[in-house]
Each structure stands twice: as C-alpha cells, then as structure tokens.
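Participant: Model the following, please.
(chains A and B)
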Amino acid sequence: MSELIETLKVEKKEQGWKKLLSKFGSLLALIILMAVLTMTTDKFLTVSNLMNIARQSSINALLAIGMLLPILTAGIDLSVGSILAVSIMVMGIVSVNMQMGAVAGIAVCLLIGAGFGLLNGLLLTKLRLPHPFISTLGTMNIARGIALIITAAAPIAGFPYLVQFLGSEFVGPIPVSFLLVIAVYIIFHIFLTRTQTGRYIYAIGGNKEAARLSGINVDRVLIIVYTISGFMAALAGLVMVGRVNSAFPLAGLSYELDAIAAVIIGGASFFGGVGTVWGTLIGALIIAVLRNGLNLLNVSADFQMTVIGVVIIAAVFVDVLRQRKSKAN
Amino acid sequence: MKKVLTPFLSFALVSSLFLAACNDDQSSSSGSNSDADKNVSVVLKTTSSPYWKYVEAGAKKAGEDLGINVTIVGPSAESEVIQQVNMLEDQISQSPDAILISPTQPDTVIPALERAAKDIPVVLIDSDATFNGKTTFIGTENFSAGQEGGKQLANMLQKGDKVVLISGALGNPATDERIKGAKAALEEAGMVIVSEQPADSDKTKAMSVMENILEKDQDIKGVFSANDDMALGVLRAVQAKNLDIKIFGTDGTEEAVKSILDNGLTGTVAQNPYNMGYQGVETAVKAISGESIDSRIDSGITIITKENAQEHLDFLKSISK
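Facilitator: Okay, here's the model as predicted:
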C-alpha cells in the first residue's frame, strides 16, 4: 500500500515536471522566435513595434482566453467571431445610430455577447445537441446573419470616446487594450485555479462521467463556460471597435480559428482537462509575433498562412506525443 | 521529457532557419537597390486576386523606373480587414517615406493614417477615405466611366430602344456613380430605360434579375452593368433565350475580355488598376520631394470592344506574370 502511494507520488511529480516543460517549451519557442527576429530585422526590437504586437495580439488574446474554457471541457466554441460581430453591430446601432450614449452601447454589447454564449450553453445542455461543434456552428451562422441583417451590411463609424477608450488609448507607451488583457488573464487564472467552478471545469474535461457521478452539476458548469466565452467575444469586439473606430458586420470573420490556434499552441489539449491561462497567452503572443515578424520581413500573406499552419500542426503534434506518453504510463 | 521538448526545439530551429532564409532574400534585393534612399510602403486590400496583382505590377514597375524601394503587402483575402490594419501599422513602424493604401473598410484605417499623415505623404488608391492630411486619392472617376460606357452602348443602338441598368449593392458609391453616369448618357442619346435593378455585384444574382426582366419584356436591346461579373450573369440569361442584346460591363476583368472575344459581351469599361499602382508610387515620390499634388487624380479608363480586346488581354497577361 505504501509502495503504491510512493509510486503515485513519483508519477505526480513527474507529471508536474512534464506540465512545466510543456509550458516552458512554448515560452522557449516564443523567446527563440523573438531572438531570431531581433537578429534578422532592425525594427523588431523597438518599443513602438513591441507595442504594436501588444495591440495586435489583444483581440485574439481576449477571444483565446474565452475559448480556453470550452476546450478545457473537451468542447469548442466556433461562434466567437460571429458573436463579436453581432455584439458590436448592436452597440453601433445603440450608441451611434440611436444616440443613446456610450455606457448603454457597451452594456448592450457585453449583454448580447453573454446572451449568445448562454444560448450556446443551453443548446448543448438542454437540447442535448451531441457536440458543441454543432451547437456553436449553428449560432456562428445565426449571429453572423443577424449582424448582416440589422444594418443591411453597412459599417458603422463615429463611436463615442468612451467606447473607443479600451482599443485606442495608451498609458505611457503601453496600449490600454494590453493592460486589459493582463487584467483579464489574472482574473481567469484566479478563477480557474482558486474557485470551485474553475476546478470543476478541469474535472469535466478530465472525465465528464466521473465528474457527473461525483456530484458536479455538469450542465450548470457548461452553461457558465459558454456564457463566459460569448462575453469575452463581445469584450474583444469592444477593443476592436476602439482600435479601428468602426464596426462592420464581417468583423471577426474566422477569428475563432486563430483563438483555437492560440489555445492549442499554448499547450491545451483538445481532449480536455489540460491547459493553462499563461500558456494561452503565450500561444496568442506566438501568433502575433509570427504575423508581425513575417510582415516586417515582407513575407507575403499567402506564405504567412502556410507558416501559421505548420506551427499549429507542430503544436498539436506535441499534444499527441504527450497523450501517447501518458497512456503508456 | 526529451520527447516533449524536441518538437518545440525543432520547430524553433526550423522557423529560425526559415526566417533567416527570408531575410537573405530581402537583403539581396535591397542590396541591388542600395542607391535608393526612398522607401514607399504599399498596403493593398489583398495580394491574392487578379485585380490587385495588376495594381501590384504597376507599383513594382514604378519602383524600378524611379529607382526607389517599394514594399507591397496585403492580406490573403479582402475579408481580412483587421489584418490589413495590422499590416499598415507594421509598415508605419518601419518609418517609410510615404504610404500608398487601398482600404477595404475605409473607416478602419483612418486612426492609423491620421497619425502617419502628420509625418509623411499618404496616397489612397482605388478606394477613398476621408481624414486630415491625406495627400491625394487616385482612382477611377466612376461617373464618367459609366457615362463613357453609356455613350458607347447608345452608339450601337437606335433612338427609342429599350435598355436596362444593372447596379451593384444598394449604397455602394462606386457602382452607384457608374449607373448614374450611364443613365445620363443613355437618356441624352434618346434611349428608354425600362428597368434599373440591383444585383449586388454578383453573377448569379444578375442572371436571375435578368431572367425576371426578360419574362416581362423580350424587346430589350441593351444592358449596362456596373461590373463585369454582373454583365456575365446577364449574358447567360440572354443566351438562354437566344436573344440579341448588346451588353456592356465595367472593370475589364480577364473573363469579360475573353467573353468579348467570344462574341459574348459587347464591351466593357476597363478600369486601370495597373495605372493606379504606377501613378500611386509616382505621385508618392513627387509628394516626398515636396511637389504640390492635386487632391483627386483620375486613373483613367479604357473602352474595350472586339477591336481592342485581344490587345488588352495580351496586356493583362504581360503584367500578371
């Protein structure tokens, strides 16, 4: 018996090691990437460029942290790009077309996002659709369609200052949007590691049936997970509107894929239960640094897509190896 | 442990080598232009469609002729609006001497362009945006493009003939202006406009719109369409009924020019994307050296009919290499 406990302890230790290494691995990849770019372009390691990266990564970073939750439960949320679009279009209608002010616009934007997220959760748990891939694929199309219908596909510009604040302002050289990202990530870290619901999310991803049998209200947790993901999509939309001073119905098209990529590159497992907040941040930064670096090197957009594709496959390959290893154990 | 780390390291290594290789390419090309002291950054809607390849070719040629460095970037699809903003910011952070841009969603680039325009000339091509400090806008004068097309069409018809206008998506300023121009010219020449309908710049939609029109009235003699794709859709509807109707498009795409050669479309009002790129770089260089620039420059149009279609097709092929 004591022998068994001893082996369990060792295994646990080793797993801790492995976790550290996979986290350390993606951080290492980011550092090497940045080092190479510093050596190959003289404009990469400048304050203004690093702040560009911080700004450019913030929309995807916000979507990705929302996406981390469904992926931790072995699910997925394909609707975030479309939810972003419908949220900002409604905000445009409220605060620009109807002149109802910034606060009302922001509130409505975030509520719409959370509302669509809630819908995703309900479709999954109450209608018992077999997989979130299907429910969120449905809402992806519904939300995009509504975004196009409500403004007859026209963009909306001229938002009040308060709406633009998050996406356009700076504190010293640092973009407010990046400070928001840091704050949000700290909150998510605390939520996932220090609260009961956070631990339930990992438990559901690890083994849904076991979680249910041990008395966790799985449906309730899943509804929370998708609601938060939708809310984060709306928040990312708010940042986007500030950045470009306009809302357009095709905003966020295929952004869900970049968000998924960030989560996966950051070391989360598609099988659920594995993944961290900081890994996701590194994943989002790797994508942003890669894009920025390839732009600075004047690599064509088509080639950039190819490179990002290779990076995703390489990252998932690591996930596969990890799975294989843990199964072997 | 090793197994976990190896892929990361090999990825980092591969990407390093790859980036180093990219950089070699760049340094060799800038090495050959080492005399050049001016850098012009060109940000397009995309670099992955024929129309924008023509703009790219024009900008490149101007760079060669004038001996300056021209950097051309653009997202892989016109739908990637924010990626275009990112690319613009990345170009600005490299402090070029001038920026040439064609915005996909004009509002989205205004904050970045307003900041850039404080220091350097900013030239817009193809699609305009309104902000403080803009140097100029170079593009098709859409009203006169429509007018020219209308005139050509009227010349091929008799006074009192029935004609149809096919417009783009409602509220699209470019296609609306073309239709207004064509309408003015056709009415002046005594044509009777029996129908004016939008088909959202879409081929399939234009085909069904034309099918519906022909259900009611087969005595149509001419059609003017605000772009070539819609003209080609109209053509399919007309051919299905075996009618002889003169159809004019706008844009001058390769598909439309080929159709003209095959006795399909009657003609098209070709825009001049190559010129937009060429004139754009030329104008940017003038602005850098402080010359005064008109606030609106017409990139010109060419009427393509069967006589000059082959010539135009050869030109398109020569610049898209």
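Participant: got the contact list for the residue in the stretch 151-300 of chain B that chain A sits nearest to?
Facilitator: The minimum distance from the stretch 151-300 of chain B to chain A, using C-beta to the nearest C-beta, falls at residue B:171 (6.3 Å). In this view, the C-beta of every residue, glycine as well, is placed from N, C-alpha and C. Residues in contact with residue B:171 (C-beta atoms under 8 Å, 6 or more residues apart in numbering or on different chains) are A:152, A:154.
Participant: next one: phi and psi at it?
Facilitator: phi 90, psi 0 (degrees, to the nearest 10).
Participant: Can you pull the phi/psi pair for residue 243?
Facilitator: You didn't pick a chain, so chain A it is. Per-residue torsions, residue A:243: phi -70, psi -40 (degrees, to the nearest 10).
Participant: meant chain B actually
Facilitator: Per degrees, to the nearest 10, the backbone of residue B:243 is at phi -100, psi 160.
Participant: I'd guessed it sits against residue B:218; true?
Facilitator: Yes. In this structure, residue B:243 is within contact of residue B:218 by C-beta atoms under 8 Å, at 6.5 Å.
Participant: Next, work out how far apart the residue at minimal distance from the centre of chain A and chain B are.
Facilitator: Centroid check for chain A by C-alpha atoms, centre = their mean gives residue A:64 as the closest residue, at 0.8 Å. Using C-beta to the nearest C-beta, to the nearest Å, one gets 15 Å for the distance from residue A:64 to chain B.
Participant: Could you pull up the residues touching that residue?
Facilitator: A:258, A:259, A:262, A:263, A:266, A:280, A:283, A:284.
Participant: Surely it is within a strand?
Facilitator: No. Counting by DSSP: H, G, I helix; E, B strand; the rest coil, residue A:64 falls outside a strand, being helix.
Participant: Apart from its chain neighbours, what residue comes closest to it?
Facilitator: residue A:262 (3.8 Å; C-beta to C-beta, 6 or more residues apart in numbering or on different chains).
Participant: for residue B:117, same thing?
Facilitator: Nearest non-adjacent residue to residue B:117, counting by C-beta to C-beta, 6+ apart: residue B:133, 3.2 Å away.
Participant: Residue B:119 is in contact with that neighbour, correct?
Facilitator: No. Assessed by C-beta under 8 Å, residue B:133 is found out of contact with residue B:119, at 9.4 Å.
Participant: so what's the residue nearest to residue B:117 up against?
Facilitator: B:113, B:114, B:117, B:118, B:122.
Participant: Just give me the neighbour total for the third one.
Facilitator: The one in question is residue B:117. 17 (other C-beta atoms under 10 Å in any protein chain shown).
Participant: Backbone dihedrals for it, both of them.
Facilitator: Per degrees, to the nearest 10, the backbone of residue B:117 is at phi -70, psi -10.
Participant: contacting residues around it?
Facilitator: Shown in contact with residue B:117 (C-beta under 8 Å, 6+ apart): B:131, B:132, B:133, B:134, B:135.
Participant: and the helix or strand containing residue B:179, is it in reach of chain A?
Facilitator: Residue B:179 is part of helix B:173-188, with elements assigned from DSSP states H and E. No. Shown here: helix B:173-188 not in contact with chain A (C-beta under 8 Å from any C-beta of the partner chain), separated by at least 11.7 Å.
Participant: Please name every helix or strand in contact with the helix or strand just after that helix.
Facilitator: Going down the chain from helix B:173-188, the next helix or strand is strand B:192-198, by DSSP H and E. Here strand B:192-198 touches strand B:162-167, helix B:173-188, helix B:203-216, going by 3 or more C-beta pairs under 8 Å, 6 or more residues apart in numbering or on different chains; DSSP states H and E.
Participant: which one of these lies closest to residue B:83?
Facilitator: Proximity to residue B:83 (C-beta to C-beta) singles out helix B:173-188 among the helices and strands packed on strand B:192-198, at 22.7 Å.
Participant: can you count the residues close to the residue in the stretch 51-200 of chain A that chain B sits nearest to?
Facilitator: At 4.0 Å from chain B, residue A:157 is the closest residue in the stretch 51-200 of chain A, using C-beta to the nearest C-beta. Using other C-beta under 10 Å, residue A:157 is surrounded by 18 other residues.
Participant: looking at the helices and strands packed on strand B:192-198, which is closest to residue A:95?
Facilitator: Nearest to residue A:95, of all the helices and strands packed on strand B:192-198, is helix B:173-188, at 24.8 Å by C-beta to C-beta.
Participant: near chain B, which residues of the stretch 151-300 of chain A show up?
Facilitator: A:152-155, A:157, A:168, A:240, A:243-246, A:248, A:250-251, A:253, A:290-300.
Participant: still on that earlier bit, between the contacts of residue B:133, which is closest to chain A?
Facilitator: Of all the contacts of residue B:133, chain A sits closest to residue B:114, with 9.8 Å by C-beta to the nearest C-beta.
Participant: Residue B:130 is in contact with the closest one, correct?
Facilitator: No. With contact defined as C-beta under 8 Å, residue B:114 does not reach residue B:130; the gap is 10.5 Å.
Participant: between those two, who's got more neighbours?
Facilitator: The neighbour comparison of residue B:114 against residue B:130 (other C-beta under 10 Å) goes to residue B:114, with 16 against 10.
Participant: hmm, back to that, a markdown table please, covering the contacts of residue B:133 and showing distance to residue B:284.
Facilitator: A markdown table is the format used below for those (distance: C-beta to C-beta, whole Å):
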| residue | distance to residue B:284 |
| --- | --- |
| B:113 | 14 |
| B:114 | 18 |
| B:117 | 12 |
| B:118 | 16 |
| B:122 | 9 |
